[in-house]
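Novice: sharing a model that was predicted from the sequence below.
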Amino acid sequence: MEWSDSWRGAFRIELRAEAVNLAWHGWPVLPGTYPAGARWAGREGAEHDGPVPVHHDWRERVGTRAEQVATWWAGHSYSILLATGHGVDAIEVEADLGRRAAVALRATGVPVPIAATPSGRWMFLVATGQALGADWVADHDVRHYGEGAYVPLPPTPFQHGVVHWRVKPQICAWQLPQPGVVLDALTEAVHAPADYGLVAADRS
């Protein structure tokens, strides 16, 4: 799909408003590249499979105030990237496991912000803290994004859709649980029946 200037213009205001809102709540957001043709337009003409930071020195820009964040998106429909390891980490899983874990979390009364990509990956946003066990991560196709990494946040565009919230941060009053809370839910989800939560989780 060809991403035209008019398409990017239509999303510019929404992307900017969301980036500023996230920064105002203390989330370290950065401008990312956008889809162009079959792949992603990156720095110096490089191609990537997903959005990457626009600035080479993005690590030095982490923690920029909301006022400056607003200027980054002025006139540009950049993707929104979250620099993990600075108060917010992300635990990424495939969609089926994500639905099951979301149900387990709801049952405990602990809402967690969850974003999903058009490619079928769910990202649970947690406080920066403990790392997940390497064996557990490898066995269940789980990825933990901490310091030195980044993940896309809504409404970042992909080739066939946009990143969207399954559970918005407002639902948990912008409070993030420790990674162990999500790990416990994922562990429960792994051992749950095959049809566990497939309907309930879609109500998130």
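Specialist: Sure, I can see it. This structure is a prediction, so every number in the text was calculated from the model and none was measured.
Novice: Leu176 contacts Val88, doesn't it?
Specialist: Yes: between Leu176 and Val88 there is a contact under Cβ atoms under 8 Å: 6.4 Å. Backbone N, C-alpha and C define where each C-beta goes, glycine included.
Novice: residues shared between the contacts of these two?
Specialist: 125-127 (Cβ atoms under 8 Å, 6 or more residues apart in numbering).
Novice: next step: those residues restricted to strands.
Specialist: Residues of the shared contacts of Leu176 and Val88 located in strands (DSSP state E): 125-127.
Novice: buried subset of these?
Specialist: By neighbour count, with 16 or more other Cβ atoms under 10 Å, those hold 125-126 as buried.
Novice: and Gly161, how many residues sit next to it?
Specialist: 12 (other Cβ atoms under 10 Å).
Novice: so what sits opposite Trp165 in the bridge?
Specialist: Ala115 (DSSP bridges).
Novice: distance of it relative to Asp184?
Specialist: 22 Å (Cβ to Cβ, to the nearest Å).
Novice: equivalent analysis for Trp58, please.
Specialist: With Cβ to Cβ as the criterion, Trp58 and Asp184 are 32 Å apart.
Novice: buried sites along the longest helix seen in the chain?
Specialist: If you go by DSSP state H, the chain has its longest helix at helix 5-24. The neighbour-count check on helix 5-24 (16+ other Cβ under 10 Å) flags 8, 11-12, 15-16, 18-20, 22-23 as buried.
Novice: for stretch 118-125, same thing?
Specialist: Under the neighbour-count rule (16+ other Cβ under 10 Å), stretch 118-125 has 121-125 buried.
Novice: would you reformat the buried residues of helix 5-24 as TSV and include pLDDT?
Specialist: Shown next, in TSV, are those (pLDDT from 0 to 100):
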residue	pLDDT
Arg8	60
Phe11	75
Arg12	84
Leu15	92
Arg16	93
Glu18	96
Ala19	96
Val20	96
Leu22	97
Ala23	96
